[in-house]
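Trainee: Sequence and predicted model, in that order:
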Amino acid sequence: METTGRADLPGELKYVQYEHSLEAQYLPAIRALISKDLSEPYSIYVYRYFLYQWGHLCYMALDPVDSSLIGVIICKLEPHASHSPPTLRGYIAMLAVSSPYRGHGVATALVKMAIDAMARRNADEIVLETEETNVPAMRLYERLGFLRSKKLHRYYLNGNSAYRLVLLLRPIDPDAAADLSLDDIDLAPR
Ligand SMILES: CC(C)(COP(=O)(O)OP(=O)(O)OC[C@H]1O[C@@H](n2cnc3c(N)ncnc32)[C@H](O)[C@@H]1OP(=O)(O)O)[C@@H](O)C(=O)NCCC(=O)NCCS
(Lines give C-alpha, C1' and ligand atoms only; values in the text may rest on other atoms or scores of the structure.)
Protein backbone atom coordinates (compact mmCIF):
# COMPACT_ATOMS: atom_id res chain seq x y z
CA MET A 1 0.00 0.00 0.00
CA GLU A 2 1.28 3.45 -0.89
CA THR A 3 2.45 5.73 1.91
CA THR A 4 2.40 9.24 0.52
CA GLY A 5 1.84 12.23 2.79
CA ARG A 6 -1.62 13.37 3.81
CA ALA A 7 -3.16 16.35 2.05
CA ASP A 8 -6.07 18.55 3.03
CA LEU A 9 -9.14 18.03 0.92
CA PRO A 10 -9.40 20.63 -1.87
CA GLY A 11 -12.61 22.08 -0.46
CA GLU A 12 -15.97 20.36 -0.34
CA LEU A 13 -15.86 17.35 -2.65
CA LYS A 14 -18.54 16.70 -5.27
CA TYR A 15 -20.15 13.28 -4.91
CA VAL A 16 -21.69 12.08 -8.17
CA GLN A 17 -23.41 8.93 -9.30
CA TYR A 18 -21.66 7.19 -12.19
CA GLU A 19 -23.44 7.18 -15.52
CA HIS A 20 -22.50 5.82 -18.91
CA SER A 21 -21.91 9.27 -20.41
CA LEU A 22 -19.01 9.68 -17.94
CA GLU A 23 -17.13 6.57 -19.11
CA ALA A 24 -14.64 8.27 -21.43
CA GLN A 25 -13.87 10.95 -18.85
CA TYR A 26 -13.59 8.71 -15.78
CA LEU A 27 -13.08 5.01 -16.52
CA PRO A 28 -9.29 5.31 -17.03
CA ALA A 29 -8.97 7.19 -13.73
CA ILE A 30 -11.23 4.68 -11.94
CA ARG A 31 -9.06 1.80 -13.18
CA ALA A 32 -5.87 3.59 -12.23
CA LEU A 33 -7.11 4.44 -8.73
CA ILE A 34 -8.37 0.95 -7.97
CA SER A 35 -5.52 -1.01 -9.54
CA LYS A 36 -2.92 0.95 -7.54
CA ASP A 37 -3.72 -1.14 -4.47
CA LEU A 38 -4.37 -4.50 -6.16
CA SER A 39 -1.81 -7.26 -6.45
CA GLU A 40 -3.23 -8.07 -9.90
CA PRO A 41 -5.29 -5.54 -11.89
CA TYR A 42 -8.79 -6.36 -13.11
CA SER A 43 -9.40 -6.35 -16.84
CA ILE A 44 -11.49 -3.60 -18.42
CA TYR A 45 -14.31 -6.13 -18.77
CA VAL A 46 -14.63 -6.47 -15.01
CA TYR A 47 -15.17 -2.73 -14.69
CA ARG A 48 -17.65 -2.69 -17.55
CA TYR A 49 -19.52 -5.67 -16.10
CA PHE A 50 -20.28 -3.62 -13.00
CA LEU A 51 -20.58 -0.13 -14.49
CA TYR A 52 -22.87 -1.06 -17.41
CA GLN A 53 -25.40 -2.83 -15.21
CA TRP A 54 -25.13 -1.09 -11.86
CA GLY A 55 -23.77 2.38 -12.61
CA HIS A 56 -26.60 3.71 -10.43
CA LEU A 57 -24.93 1.99 -7.46
CA CYS A 58 -21.48 3.46 -8.16
CA TYR A 59 -20.39 6.83 -6.81
CA MET A 60 -17.37 9.04 -7.37
CA ALA A 61 -15.85 11.72 -5.14
CA LEU A 62 -14.50 14.52 -7.31
CA ASP A 63 -12.16 17.44 -6.70
CA PRO A 64 -14.42 20.54 -6.71
CA VAL A 65 -11.83 22.56 -8.61
CA ASP A 66 -10.83 20.38 -11.55
CA SER A 67 -13.34 17.48 -11.24
CA SER A 68 -10.51 14.93 -11.00
CA LEU A 69 -11.28 11.61 -9.32
CA ILE A 70 -10.48 11.32 -5.60
CA GLY A 71 -12.52 8.28 -4.63
CA VAL A 72 -14.84 5.66 -6.08
CA ILE A 73 -17.14 2.85 -4.98
CA ILE A 74 -18.46 0.15 -7.35
CA CYS A 75 -21.32 -2.15 -6.36
CA LYS A 76 -23.96 -4.51 -7.68
CA LEU A 77 -27.35 -5.75 -6.47
CA GLU A 78 -28.81 -9.14 -7.41
CA PRO A 79 -31.12 -11.82 -6.10
CA HIS A 80 -29.16 -14.40 -4.17
CA ALA A 81 -30.75 -17.76 -4.81
CA SER A 82 -28.83 -19.94 -2.35
CA HIS A 83 -30.92 -18.47 0.46
CA SER A 84 -34.46 -19.68 0.78
CA PRO A 85 -36.41 -17.53 0.14
CA PRO A 86 -33.91 -15.74 -2.13
CA THR A 87 -32.51 -12.49 -0.73
CA LEU A 88 -31.68 -9.34 -2.62
CA ARG A 89 -27.98 -9.03 -2.01
CA GLY A 90 -25.89 -5.93 -2.50
CA TYR A 91 -22.21 -6.39 -3.08
CA ILE A 92 -19.44 -3.81 -2.68
CA ALA A 93 -16.94 -4.89 -5.32
CA MET A 94 -14.40 -2.06 -5.23
CA LEU A 95 -13.63 0.93 -3.06
CA ALA A 96 -10.63 3.22 -3.23
CA VAL A 97 -9.62 6.71 -2.19
CA SER A 98 -6.55 8.47 -3.54
CA SER A 99 -3.86 8.02 -0.89
CA PRO A 100 -3.13 11.72 -0.09
CA TYR A 101 -6.82 12.25 0.67
CA ARG A 102 -7.38 9.29 2.98
CA GLY A 103 -8.51 9.79 6.59
CA HIS A 104 -10.98 12.59 5.80
CA GLY A 105 -14.11 10.48 5.64
CA VAL A 106 -14.28 10.17 1.84
CA ALA A 107 -14.64 6.37 1.84
CA THR A 108 -17.14 6.58 4.69
CA ALA A 109 -19.27 8.99 2.64
CA LEU A 110 -19.04 6.76 -0.47
CA VAL A 111 -19.97 3.59 1.43
CA LYS A 112 -22.92 5.34 3.09
CA MET A 113 -24.17 6.56 -0.31
CA ALA A 114 -23.91 3.03 -1.72
CA ILE A 115 -25.69 1.53 1.31
CA ASP A 116 -28.50 4.10 0.97
CA ALA A 117 -28.84 3.43 -2.77
CA MET A 118 -29.05 -0.34 -2.22
CA ALA A 119 -31.45 0.05 0.74
CA ARG A 120 -33.73 2.23 -1.42
CA ARG A 121 -33.80 -0.64 -3.91
CA ASN A 122 -34.86 -3.04 -1.17
CA ALA A 123 -31.57 -4.85 -0.56
CA ASP A 124 -31.84 -7.37 2.29
CA GLU A 125 -28.12 -7.44 2.95
CA ILE A 126 -24.84 -6.05 1.66
CA VAL A 127 -21.70 -8.16 1.53
CA LEU A 128 -18.06 -7.71 0.54
CA GLU A 129 -14.71 -9.33 1.01
CA THR A 130 -11.66 -7.57 2.31
CA GLU A 131 -8.14 -8.71 3.03
CA GLU A 132 -7.72 -9.55 6.71
CA THR A 133 -4.58 -7.41 6.81
CA ASN A 134 -6.45 -4.37 5.46
CA VAL A 135 -6.92 -2.64 8.80
CA PRO A 136 -8.31 0.68 7.43
CA ALA A 137 -10.97 -1.14 5.41
CA MET A 138 -11.92 -3.52 8.25
CA ARG A 139 -12.23 -0.58 10.68
CA LEU A 140 -14.25 1.45 8.22
CA TYR A 141 -16.78 -1.30 7.51
CA GLU A 142 -17.08 -2.46 11.11
CA ARG A 143 -17.63 1.15 12.20
CA LEU A 144 -20.55 1.25 9.72
CA GLY A 145 -22.10 -1.89 11.22
CA PHE A 146 -20.75 -4.66 9.00
CA LEU A 147 -20.14 -7.97 10.78
CA ARG A 148 -17.59 -10.67 10.01
CA SER A 149 -19.56 -13.58 8.56
CA LYS A 150 -16.78 -15.84 7.35
CA LYS A 151 -13.03 -16.12 7.00
CA LEU A 152 -11.94 -17.07 3.46
CA HIS A 153 -8.57 -18.76 3.81
CA ARG A 154 -5.91 -17.86 1.23
CA TYR A 155 -8.57 -16.05 -0.79
CA TYR A 156 -6.15 -13.77 -2.66
CA LEU A 157 -3.41 -14.72 -5.10
CA ASN A 158 -0.82 -13.29 -2.71
CA GLY A 159 -1.85 -16.00 -0.22
CA ASN A 160 -3.63 -13.59 2.14
CA SER A 161 -6.93 -14.52 3.66
CA ALA A 162 -10.07 -12.42 3.50
CA TYR A 163 -13.07 -11.77 5.66
CA ARG A 164 -16.52 -11.75 4.22
CA LEU A 165 -18.37 -8.91 5.88
CA VAL A 166 -22.13 -8.53 5.91
CA LEU A 167 -24.51 -5.70 6.75
CA LEU A 168 -28.02 -6.96 7.34
CA LEU A 169 -30.57 -4.37 6.26
CA ARG A 170 -33.57 -6.46 7.30
CA PRO A 171 -33.97 -9.56 9.39
CA ILE A 172 -33.10 -12.74 7.50
CA ASP A 173 -34.05 -16.27 8.48
CA PRO A 174 -31.17 -17.29 10.82
CA ASP A 175 -30.77 -20.67 9.08
CA ALA A 176 -30.40 -18.93 5.75
CA ALA A 177 -28.01 -16.36 7.23
CA ALA A 178 -25.77 -19.19 8.46
CA ASP A 179 -25.50 -20.35 4.88
CA LEU A 180 -23.04 -17.71 3.66
CA SER A 181 -20.84 -20.24 1.95
CA LEU A 182 -17.76 -20.30 -0.23
CA ASP A 183 -19.79 -20.86 -3.38
CA ASP A 184 -21.23 -17.37 -2.84
CA ILE A 185 -18.11 -15.70 -4.19
CA ASP A 186 -19.10 -12.74 -6.34
CA LEU A 187 -15.80 -11.49 -7.72
CA ALA A 188 -13.08 -13.94 -8.73
CA PRO A 189 -10.18 -13.91 -6.28
CA ARG A 190 -7.17 -12.04 -7.51
C1 LIG B 1 -9.82 1.73 2.85
C2 LIG B 1 -9.91 3.12 2.24
C3 LIG B 1 -10.93 3.09 1.11
C4 LIG B 1 -10.38 4.10 3.33
O5 LIG B 1 -10.54 5.40 2.74
P6 LIG B 1 -10.60 6.75 3.61
O7 LIG B 1 -11.22 7.79 2.77
O8 LIG B 1 -9.28 7.02 4.21
O9 LIG B 1 -11.61 6.30 4.78
P10 LIG B 1 -12.28 7.29 5.83
O11 LIG B 1 -11.55 8.57 5.90
O12 LIG B 1 -13.72 7.34 5.56
O13 LIG B 1 -12.06 6.51 7.16
C14 LIG B 1 -10.73 6.30 7.58
C15 LIG B 1 -10.50 6.93 8.94
O16 LIG B 1 -10.51 8.34 8.86
C17 LIG B 1 -11.33 8.86 9.91
N18 LIG B 1 -12.01 10.06 9.48
C19 LIG B 1 -13.26 10.15 9.02
N20 LIG B 1 -13.56 11.44 8.74
C21 LIG B 1 -12.46 12.15 9.02
C22 LIG B 1 -12.15 13.52 8.95
N23 LIG B 1 -13.03 14.42 8.52
N24 LIG B 1 -10.89 13.90 9.29
C25 LIG B 1 -10.00 13.00 9.75
N26 LIG B 1 -10.26 11.68 9.84
C27 LIG B 1 -11.47 11.28 9.49
C28 LIG B 1 -12.32 7.79 10.17
O29 LIG B 1 -12.82 7.88 11.50
C30 LIG B 1 -11.53 6.57 9.94
O31 LIG B 1 -10.87 6.23 11.12
P32 LIG B 1 -10.92 4.77 11.72
O33 LIG B 1 -9.53 4.29 11.51
O34 LIG B 1 -11.30 4.95 13.10
O35 LIG B 1 -11.90 3.96 10.90
C36 LIG B 1 -8.54 3.62 1.71
O37 LIG B 1 -7.57 3.40 2.69
C38 LIG B 1 -8.11 2.93 0.42
O39 LIG B 1 -8.43 3.38 -0.69
N40 LIG B 1 -7.35 1.82 0.53
C41 LIG B 1 -6.88 1.09 -0.63
C42 LIG B 1 -8.00 0.33 -1.31
C43 LIG B 1 -8.73 -0.55 -0.34
O44 LIG B 1 -8.15 -1.15 0.53
N45 LIG B 1 -10.04 -0.64 -0.52
C46 LIG B 1 -10.91 -1.44 0.31
C47 LIG B 1 -10.94 -2.82 -0.24
S48 LIG B 1 -12.41 -3.59 0.30
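Mentor: The structure has been received and is ready for your questions. Numbering: from 1, shown residues only.

Trainee: contacts and neighbour counts: CA atoms only from here.
Mentor: OK.

Trainee: low-confidence ranges in the chain?
Mentor: Across the chain, residues meeting the criterion (pLDDT under 70) sit at 1-4, 39, 83, 172-190.

Trainee: Show me where it has its strands.
Mentor: Along the chain, counting by DSSP state E, strands occupy 14-17, 59-62, 69-80, 87-97, 125-131, 147-152, 162-168.

Trainee: Now render those strands as JSON lines, adding distance to the ligand and mean neighbour count.
Mentor: Below are those laid out as JSON lines (distance: least, C-alpha to the nearest ligand atom, whole Å; neighbours: other C-alpha atoms under 10 Å):
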{"stretch": "strand 14-17", "distance to the ligand": "13", "mean neighbour count": "16"}
{"stretch": "strand 59-62", "distance to the ligand": "10", "mean neighbour count": "23"}
{"stretch": "strand 69-80", "distance to the ligand": "7", "mean neighbour count": "22"}
{"stretch": "strand 87-97", "distance to the ligand": "3", "mean neighbour count": "21"}
{"stretch": "strand 125-131", "distance to the ligand": "5", "mean neighbour count": "22"}
{"stretch": "strand 147-152", "distance to the ligand": "13", "mean neighbour count": "17"}
{"stretch": "strand 162-168", "distance to the ligand": "10", "mean neighbour count": "21"}
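
Trainee: Include distance to residue 119 when you put these into CSV, please.
Mentor: As requested, the strands of the chain are arranged in CSV below (distance: least, C-alpha to C-alpha, whole Å):
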stretch, distance to residue 119
strand 14-17, 16
strand 59-62, 15
strand 69-80, 10
strand 87-97, 9
strand 125-131, 8
strand 147-152, 17
strand 162-168, 10
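
Trainee: Show me what from this protein comes close to the ligand.
Mentor: Residues of the chain lying near the ligand by C-alpha under 6 Å from any ligand atom: 37, 95-97, 102-108, 130, 136-137, 139-140.

Trainee: Taking these together, which two end up most distant?
Mentor: For those, with distances taken as C-alpha to C-alpha, the pair at the greatest spread is 104 and 130 (20.5 Å).

Trainee: on that earlier part again, highest neighbour count among the residues of the chain next to the ligand?
Mentor: Each of the residues of the chain next to the ligand was scored by neighbours using other C-alpha atoms under 10 Å; the highest score is residue 107's, at 25 neighbours.
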